[in-house]
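*Asks:* Quick one: sequence and predicted model below, then my questions.
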Amino acid sequence: MPDFGDIAVASLICLGAFFLFVGSLGLAKLPDLMRRLHGPTKATTLGIGAMLIASMLYFLMKGDEFSIQELLITTFLFLTAPVTALMVAKAHLLLDKSERKNLPPTGRDVDWSVYDAPRKTQQSENVQSEGN
Amino acid sequence: MFGTLIPHPLLTLLIVVVWVLLNGISWGAAVLGLFLGVVVPKLTSAFWPDRPLVKSPLTIVEYALIVLWDIVVANFQVAYLILFRRGDDLHSQFVTVPLDLRTPEAISALAGTITMTPGTVSATLSADGRALLVHCLETYDPEKTVSDIKARYETRLQRIFER
């Protein structure tokens, strides 16, 4: 009689390892920086998530105590990953001059914030531009 | 009385929960967490002149579930694109998402969500904070991508933060 808990933990770890691998592979394989950003921001979240669920399940079955710190790791990861990606993307837009002509127009009468000083329009006086 | 003691109840709750989770579930941790949860928002409230009011807390739960589901879907899509497609063949491009959101907190939440979900990474804002530059890993129909983002995430964030 196999232990279904162990099977669940093992398959979650394998799933997590697979997605972490794919995320890293994307980082290495894709041709330019903006495409490369997609690998680590997405494929790794499910990878880490599956690993952490496996960890929670394991300690729950061992019966010592219910470990919830994994939830915190997930939360902090979800908060920090997009900010990192945004900063890398901004640095890329600033450094790579050739990328600027690939950008679509803003649809506003100002440029993207990495190229233009932050300013307020009449309708948005309570909005401070994040991009300075 | 309640309003001046706890200017930001959600932040207080968040600090208590995080503190208790970090330090193990015990009464001592709960009391110290509650103390910090009251003191920290008090001390920092001067730096947050325009706190957003969360209008509809239940929508947050709905939003979180939708985003979690989309993250799972996004992982499989991106994994497929990375494993089975040549990088140069992907139809990657930048698109402009005009924003109806006005509060900085809501826009940050939207930008973060876009980065975590299917094939899109938010790159920067327009200088007046009214449009978001988004990079799509693979899209054949930029207008549809933009309208999906607006319908799926932005309207819900508007209900949470602004209406």
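*Replies:* The structure has been received and is ready for your questions. Numbering: from 1, shown residues only, chains lettered A, B, ... in the order given.
*Asks:* List the contacts of stretch B:33-49.
*Replies:* B:5-8, B:11-20, B:23, B:51 (C-beta atoms under 8 Å, 6 or more residues apart in numbering or on different chains). C-beta coordinates here come from the backbone N, C-alpha and C atoms, glycine included.
*Asks:* Quick check on those residues: which are buried?
*Replies:* Taking 16 or more other C-beta atoms under 10 Å in any protein chain shown as the criterion, what is buried in these is B:6-8, B:11-12, B:15-20.
*Asks:* domain ranges for chain B?
*Replies:* Domain segmentation of chain B under automatic domain parsing yields B:2-47, B:57-161.
*Asks:* Throw those domains into JSON lines and include mean pLDDT, thanks.
*Replies:* Putting those into JSON lines (pLDDT from 0 to 100) gives the following:
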{"stretch": "domain B:2-47", "mean pLDDT": "79"}
{"stretch": "domain B:57-161", "mean pLDDT": "82"}
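*Asks:* Which helix or strand in chain A has the lowest average pLDDT?
*Replies:* helix A:33-38 (a mean of 82; mean pLDDT, DSSP states H and E).
*Asks:* Give me the contact status of that one with chain B.
*Replies:* Yes - on the criterion C-beta under 8 Å from any C-beta of the partner chain, helix A:33-38 is in touch with chain B at A:34-35, A:37-38.
*Asks:* just checking, residue B:94 touches residue B:137?
*Replies:* No - contact between residue B:94 and residue B:137 fails when scored by C-beta atoms under 8 Å: they sit 11.4 Å apart.
*Asks:* Residue A:28 versus the most centrally placed residue in chain A, what's the distance?
*Replies:* Chain A has residue A:41 as the residue nearest its centroid, 3.0 Å off, counting by C-alpha atoms, centre = their mean. According to C-beta to C-beta, to the nearest Å, residue A:41 and residue A:28 sit 15 Å apart.
*Asks:* what's around residue A:105, how many residues?
*Replies:* The number of residues packed near residue A:105 is 10, by other C-beta atoms under 10 Å in any protein chain shown.
*Asks:* quick one: contacts for it?
*Replies:* By C-beta under 8 Å, 6+ apart, the neighbours of residue A:105 are residue B:96.
*Asks:* quick one: secondary structure of it?
*Replies:* coil (DSSP: H, G, I helix; E, B strand; the rest coil).
*Asks:* tell me the phi and psi of it?
*Replies:* Main-chain dihedrals, residue A:105, degrees, to the nearest 10: phi -60, psi 160.
*Asks:* counting residues per helix, which one in chain B is longest?
*Replies:* Counting residues, the longest helix found in chain B (DSSP state H) is helix B:57-84.
*Asks:* what's the helix or strand following that helix in contact with?
*Replies:* Going down the chain from helix B:57-84, the next helix or strand is strand B:93-98, by DSSP states H and E. The contact list for strand B:93-98 (C-beta under 8 Å, 6+ apart) reads A:34, A:102-107, B:114, B:123, B:130-136, B:139, B:142, B:145-146, B:149-150.
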